[in-house]
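Student: build me a structure from this.
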Amino acid sequence: MEPIRILILEDDAGMREMLANVVRAQGYEVEAVGKGEEAVRRAMAESFDVIVADIRMEGMDGLDTLARVKEHRPDIGSLVVTGYSTEADSIRAIRLGVGDYLKKPFRLPTFLASVEAVVARRRQEQRTARQLRRAERLASWGVETAARAVDRGREPESLPFEGVVDMAELAVRVAADLGADADTCEAVHMAAMVEGISRCSDLLHGKHPGEVLPARVASMIENLEERWDGEGPEGLPGEAIPLGSRILAVLLNAGKGTLSNLAELHPGAFDPAVLAALRRAAAGESPAPREQASHARRRQGLLSLARTLEHGGHYEAAGHAYQQLLTADRASREGVEALLGLARLAYARGGDGQSEALQAVEEARKLGPATAGWATLEATLLLSRRGVSEPARTLCEEAYRLFQQMRLGVGAAITRMVAACFHGSNAPLAPAFEVLLQPEYADELAVHGDWMIPFLLEKEASDTDPGSQRLLKRFGREFPAGFVRALEDGLSSGARRAAAAALAGSAAPAAEACLEQLSADTEESVRQAAQGALQIGIESPPPMLRLYSLGPFEVYKGEERVADKEWKSQKVRYLLAMLAAHRGRPLSEDVLLETFWPGDPEKGRKNLYAATSYLRRHLRPTGWKGELDYVVRSPAGLTLNPDLPCWHDLDELEKALADATRPDATPDRVLDSQRRVARLYRGPYLEGSYLDWALDLRNRLELQVLDVLGRLAAETERRGQHQEALEHSQRVLDLDPCCQEAHLIRMRAFLALRRPEEAVRQFQHCRDVLNEELDMEPAPPLVNLYQQAVKG
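Tutor: Below you'll find the predicted structure:
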């Protein structure tokens, strides 16, 4: 059982410390603060089970604080303590649903008894909520399976969307845009699928939704005919209508008129906020201040969709998604990625992508050196591979300079190799080889192997180098498909001999296929090298399994991406994700059954065995011969096989987070680790999953990353690296728009860069967000800096 976390709000320092110590002594985790504004900020950023609040204090009092906290955490338990209160205070406390009310002075045993009572109620509420979520999750997975089946056989005109699943995912995106929590998003998802299925089939068989669905899902379906103006069947007006009903009402009518004139066709029928959210998705209008965090997540979600389409070869649809993202927000990291995506699509279609690549570099320079470095590197590669020597050479030098300034060794190493491969640079490559051989950079090798492998092979043919040989050996073990492509494109005889040496002992089927091909080569020396390599036998493990959990869940077997459609079900996908998140720590059957198949234990075990068998079969590299178990069983439970090669971005992030907070590390090493965190964190953990364990891990990681990014922004500002400080502080605000310290860093950086007008705009934006979200005014340091900026 997770420990209970308690937030104590008490303005008297002595009393605050005493209460905190007493509560900690009972085994609870405690955070204690002295101001209501700080309590609200902490409660929004972290998860607490109970808040203990004094009423009377300067500024925001205890009841105002509790009211504000409950807007964001409506289920939090509460205990109010006070030395003086009025009848009005008592009435407010009752209306707020305060769990207990204690007047000062009080004896500590009485206080502890009140805390225990509130905690006991909170635990019971949590147990009930878990049971309800399990039941809803089971129902949701069953409905999703049915929805996918219906999508395969439905009539094309039965819905105004490509399918039931498509409509449900759009409904969730709109709900998240409008600030819905995870539970509400999951209910909206289920309601959309059920309603979509019922319009294409006979799922409910004439039954009332309340008979077969969770109550809140049924309520969303039952109220679909309600109107925003209150003129519907039950007369529910405005926000009295469930959010899911309001969203589905718009989606289900979207085919009867364009989104732009739905309101005109049906005046008063639809929620204007839902219509606006859908317009933003379609046309990319700027969000309101309170939606800044969800807007950042929308950008990430749209970028993920575009990349998935690109990987699947759906270039036209991918191009449309990238264009939509650019319309939504060009001046963002995701906007830069969209421009690079369009450049790749142009390249894939036979163009050079030069215009889009150069636009990406221009936008990236405005954001900061880290984004600029990686964008410039990719633009350099795109142009270099198309034979555009200039401006590619100049961009390559710029990227290398940026990476050197930020001590980003892997970026500098890749750039050095680009310069040698495409632009004839004679700079020593031994330092680059040493960096790229480090295990944590397996993902970079996978991305760049298609050009690195032929370059290294030709280099080895003319000038043998131990570092080059080691790197080729690593490619041969982990990512051998690059050798297949290199042979298809044509290699010199010396390079073909080097390929045979690099692939000797590799266990990968692709390596064996290459060696078989080389053993029939026209050159006798190549044939002999390949035949000798085949006789060596297998010396290496299978190709590396790569898992990406930060953002959408992606799985690669070597270079081969497991397509979304290949997964048997979402449960199997998330089972792999859960095993990967606990790699090296077996998960008991009981935990897995409780998570994925609660209810009938016997049936659950059969489902678990079927799912693990499916994973064992489908995680094997294509063409693999013999046994290979990525999922192993022990008396303690199931785990991913620790003896097989696996790279997981979650593992790398947690290592970087640990290194970034090591007390014995030098300031430069800490800064390097912080920058590594910024590079790895590409989005929320297991985006799209609302399982309890995934949400807990997602929230924990987000808080840790937020802290590291905040310290990275502060440290780069302290070192006078103001452009980089702007970049990292913006990422903090993408996660927490109300972080006043990040706003302050940005204002100081703008002033240091002699851009006072930007500092003024930053203050105005900060003021709007704080007012909208917290009903607060900016802190005095922000106001003082604003006044300084206004004076120029």
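
Student: against Ser519, how distant is the residue nearest to Gly558 when sequence neighbours are not counted?
Tutor: Leaving aside its sequence neighbours, Gly558 sits nearest to Pro543 (Cβ to Cβ, 6 or more residues apart in numbering; 3.3 Å). Bear in mind the C-beta positions are built from the backbone N, C-alpha and C, glycine included. Computed as Cβ to Cβ, to the nearest Å, the Pro543 to Ser519 distance reads 21 Å.

Student: cool, and Phe475?
Tutor: From Phe475 to Ser519 the distance is 20 Å (Cβ to Cβ).

Student: higher neighbour count, those two?
Tutor: Shown here are Phe475 and Ser519; by other Cβ atoms under 10 Å, Phe475 has more neighbours (27 against 17).

Student: host element of the more buried one?
Tutor: Taking DSSP states H and E as the criterion, the element that holds Phe475 is helix 466-478.

Student: do a quick rundown of the helices in the stretch 601-750 of the chain.
Tutor: For the stretch 601-750 of the chain, applying DSSP state H, counting those that start in this stretch gives helices covering 601-618, 649-660, 667-680, 692-718, 722-735, 740-752.

Student: how does this structure divide into domains?
Tutor: 5-127, 156-283, 428-542, 545-649 (automatic domain parsing).

Student: what is the neighbour count of Leu726?
Tutor: As a burial measure, Leu726 scores 26 neighbours (other Cβ under 10 Å).

Student: over to Leu592?
Tutor: 21.

Student: wait, it sits on Asn607?
Tutor: No - in this structure Leu592 lies outside contact range of Asn607 using Cβ atoms under 8 Å: 9.8 Å.

Student: out of the domains of the chain, which gets nearest to Arg676?
Tutor: Proximity to Arg676 (Cβ to Cβ) singles out domain 428-542 among these, at 8.3 Å.

Student: low-confidence regions, the stretch 51-200 of the chain specifically.
Tutor: 83-97, 99, 130-142, 144-145, 148-149, 151-162, 181-182 (pLDDT under 70).

Student: find the nearest non-adjacent residue to Gly312, please.
Tutor: Using Cβ to Cβ, 6+ apart, the closest residue to Gly312 is Ala563 (6.6 Å).

Student: thought that neighbour was touching Gly313?
Tutor: No - counting by Cβ under 8 Å, Ala563 stays clear of Gly313, with 10.3 Å between them.

Student: quick one: common contacting residues for the two?
Tutor: Both Ala563 and Gly313 lack any common contact, where contact means Cβ atoms under 8 Å, 6 or more residues apart in numbering.

Student: how about the strands in the protein?
Tutor: 5-9, 29-33, 50-54, 77-82, 100-103, 545-548, 554-557, 560-561, 631-634, 637-640, 646-648 (DSSP state E).

Student: that older thread, lowest average pLDDT across the domains of the chain?
Tutor: Note on the domains of the chain: domain 156-283 shows the lowest mean pLDDT, a mean of 77.

Student: distance between the helix holding Phe475 and the chain's centre?
Tutor: Mean-position distance between helix 466-478 and its chain equals 32 Å (Cα atoms, centre = their mean, to the nearest Å).

Student: elements contacting that helix?
Tutor: helix 430-436, helix 442-462, helix 481-489, helix 493-503 (3 or more Cβ pairs under 8 Å, 6 or more residues apart in numbering; DSSP states H and E).

Student: make a markdown table from these and add mean neighbour count to it.
Tutor: Converted to a markdown table, the helices and strands packed on helix 466-478 look like this (neighbours: other Cβ atoms under 10 Å):
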| stretch | mean neighbour count |
| --- | --- |
| helix 430-436 | 18 |
| helix 442-462 | 20 |
| helix 481-489 | 20 |
| helix 493-503 | 24 |
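
Student: out of those helices, nearest to Leu770?
Tutor: Across the helices and strands packed on helix 466-478, Leu770 has its closest neighbour in helix 442-462 (38.4 Å, Cβ to Cβ).

Student: what angle do that closest one and helix 649-660 make?
Tutor: Interaxial angle, helix 442-462 versus helix 649-660 (axes from the mean of the first three to the mean of the last three Cα atoms, to 10 degrees): 100 degrees.

Student: CA-only coordinates of helix 442-462 in PDB, if you can.
Tutor: Output of helix 442-462 as PDB, limited to C-alpha atoms (Å, rounded to 0.1, in the frame of the first residue of the first chain):
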ATOM      1  CA  ALA A 442      22.300   2.700 -28.700                       C
ATOM      2  CA  ASP A 443      19.300   4.700 -29.900                       C
ATOM      3  CA  GLU A 444      21.500   7.200 -31.700                       C
ATOM      4  CA  LEU A 445      23.300   4.300 -33.500                       C
ATOM      5  CA  ALA A 446      20.000   2.800 -34.600                       C
ATOM      6  CA  VAL A 447      18.900   6.200 -36.100                       C
ATOM      7  CA  HIS A 448      22.200   6.900 -37.900                       C
ATOM      8  CA  GLY A 449      23.300   3.400 -38.900                       C
ATOM      9  CA  ASP A 450      22.100   3.600 -42.500                       C
ATOM     10  CA  TRP A 451      24.800   6.100 -43.400                       C
ATOM     11  CA  MET A 452      27.400   5.400 -40.700                       C
ATOM     12  CA  ILE A 453      27.700   1.700 -41.700                       C
ATOM     13  CA  PRO A 454      28.700   2.200 -45.400                       C
ATOM     14  CA  PHE A 455      30.900   5.100 -44.400                       C
ATOM     15  CA  LEU A 456      32.800   3.000 -41.800                       C
ATOM     16  CA  LEU A 457      33.100   0.000 -44.200                       C
ATOM     17  CA  GLU A 458      34.700   2.100 -46.900                       C
ATOM     18  CA  LYS A 459      36.900   3.800 -44.400                       C
ATOM     19  CA  GLU A 460      38.000   0.400 -43.000                       C
ATOM     20  CA  ALA A 461      38.700  -0.700 -46.600                       C
ATOM     21  CA  SER A 462      41.300   2.000 -47.000                       C
END
